[in-house]
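> 3D, please:
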Amino acid sequence: MGRKRLTAALLLIGLAAVLAQPGCALAETAAKSGDHAGHGAPAPEKVGEQVGQGGSTSPTAGKSERKIAYYRNPMGLADTSPTPKKDGMGMDYIPVYADELGDGTTVRISLDKVQKLGVRTEAVTTRSLARSIRAVGTVQVDERLLQIISMKYEGWIERLHADSTGQKIRRGQPLMEVYSPGLVLAQQEYLAAASATSSLKEADPESLGTARQLAEGALLRLRNWDISADQVAQLRKKGEIRRTLTVQSPVDGVVLEKSAIKGMRFMPGEVLYRLADLSTVWLMADVFEQDVGMVREGQEASVTLNAIPGKSFKGKVSFIYPTLATETRTVKVRIELPNPSGELRPALYATVELATPTGEAQILTVPDSAVLNSGSRQVVLVERGEGQYEPRPVQIGAQGGGYVQIREGLREGEKVVVRANFLIDAEANLKGALGHFAH
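Below is the predicted model of the structure:
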């Protein structure tokens, strides 16, 4: 039994000796590697680090790092930060590099960004500038061509010839036939006086003069009651008393209103018809108070109507009303329009365009898209070189035809940015460059 235990112990000791020999070799190899590394050969773990830091294999070799001047708001707001940060929406602030700031008076944008933004410039030029004023209005009847039909005597309507509103009427056309006891009496007096004058031709001059005065008085009464000359001539020629009298239209036009009804009794001064001549109409346009100073009497106007698409009507400003409507801040401007075809009907809605010259033959102008208007001042971006733009304050004047007058700040021939100027403003903060002009 003891012999078996001794044999097993010897076997275990031998196995341990065999396992111990490889471990010693690995330890010795590691130690030698370490000693060799100490003499200048790089260790495996450090080789990668040295390659990463080496000058010849780095991806950024030969390139100098760009210096960040500050960080700007990603939404274009006038808010900057010296360190990286986020805005209220969690968006990172955008770095602005020092080489993009220019010399303090210009904004510098890289050429690839200029191409991406689609920047376009145009030279400052002189031209004659006309400004168009647009307004809206309605067609109305020419007040000077309105006609009221009323009688100067009492009577009754026995027949209507113009019996509907909107009916077209010609001058001298019968409107109605009326009966009036006063008219019959006036005819009788005239015929009696005329007969007495004929019978007293051989009488003394005093009696003959009295008879003639009575005849002329009766005739004058008929004329004062607007009896037509033809009807008076017929009365004098035939000597017949007519029971009814025909009332004729004094103008060409249409019936706007009709109060006359067959069989009705009318009194002196009562309105029976309202007629209007529409051969010329008025357009009452509402011009805003900031534009009314550019409007002059006699100025030509172009009028278009929704009811007549594709057609333009020409007219002239005939009157500028002296009062302003406080509710709409507009002034009424009256435009006369010829209407031979009758297409322009009262109450139609119309759009008016008035071309107003600036009063100067040639003025300095730029496209209106070139002006960045902050409300307190106006700025344009002047091209100073490839990718370099100078924000320059200007004083603007009249506008029209897509151009704006430059009173101060630019010279003829300078190129200004007319497209993507707002994007340039977003790409580079203009505050620093504009601050140069504030001092």
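> Now do the nearest residue to Phe288 once chain neighbours are set aside against Leu214, distance only.
Closest residue to Phe288 apart from its sequence neighbours, by CB to CB, 6 or more residues apart in numbering: Thr330 at 5.6 Å. C-beta coordinates here come from the backbone N, C-alpha and C atoms, glycine included. In this view, Thr330 and Leu214 are 61 Å apart by CB to CB, to the nearest Å.
> Asp216: which element?
In this structure residue 216 is Glu, not Asp. helix 205-224 (DSSP states H and E).
> and that helix, which residues are buried?
Leu208, Thr210, Ala211, Leu214, Ala215, Ala218, Leu219, Arg221, Leu222 (16 or more other CB atoms under 10 Å).
> just stretch 139-159 next, same as before
Across stretch 139-159, burial judged by 16+ other CB under 10 Å covers Val139, Val141, Asp142, Leu145, Gln147, Ile149, Met151, Tyr153, Gly155, Ile157.
> Stretch 274-294 now?
274-278, 280-287, 291-292, 294.
> Compute the number of surrounding residues for the residue nearest to Asp291 when sequence neighbours are not counted.
Setting aside the residues directly before and after it, Asp291 is nearest to Ile133 in space (CB to CB, 6+ apart), at 4.7 Å. Per other CB atoms under 10 Å, the neighbour tally for Ile133 reads 21.
> per-residue pLDDT, Thr356?
Looking at Thr356, its pLDDT stands at 73.
> now do Lys316
Model confidence at Lys316 (pLDDT) stands at 94.
> does it sit in a helix or strand, and which one?
strand 308-325.
> List the contacts of whichever helix or strand comes after that strand.
Later in the chain than strand 308-325, the nearest helix or strand by DSSP H and E is strand 330-338. The contact list for strand 330-338 (CB atoms under 8 Å, 6 or more residues apart in numbering) reads 135, 137, 139, 142, 279-289, 292, 295, 301, 303, 313-321, 323-325, 344, 352.
> got it, and stretch 209-217?
By CB under 8 Å, 6+ apart, the list of residues contacting stretch 209-217 reads Glu189, Tyr190, Ala192, Ala193, Ala194, Ala196, Thr197, Leu200.
> From Ile227, how far off is the second one?
The span separating Tyr190 from Ile227 equals 10 Å under the rule CB to CB.
> more neighbours, the two?
Counted by other CB under 10 Å, Tyr190 and Ile227 do not tie: Tyr190 has more neighbours, with 24 against 20.
> Hmm, that one is touching Ala218, no?
Yes - counting by CB atoms under 8 Å, Tyr190 touches Ala218, with 3.5 Å between them.
> tell me the domain boundaries of this protein?
Structural domains assigned to the chain are 68-98, 101-128+361-438, 133-142+277-357, 148-274, following automatic domain parsing.
> tell me which residues of the first one are tucked away?
By that I understand domain 68-98. Ala69, Tyr70, Tyr71, Arg72, Asn73, Thr80, Tyr93, Val96.
> ok, and the last one, which helix or strand is that part of?
This means Val96. Assigned by DSSP H and E, Val96 falls in strand 94-97.
> any low-confidence regions in this structure?
1-64, 76, 78, 98-105, 199, 201-203, 357-361, 421-439 (pLDDT under 70).
> Now do the SS call for the spatially most central residue of it.
Among the residues of the chain, the one closest to the centroid is Arg134, at 6.7 Å (CA atoms, centre = their mean). Applying DSSP: H, G, I helix; E, B strand; the rest coil to Arg134 yields a three-state assignment of strand.
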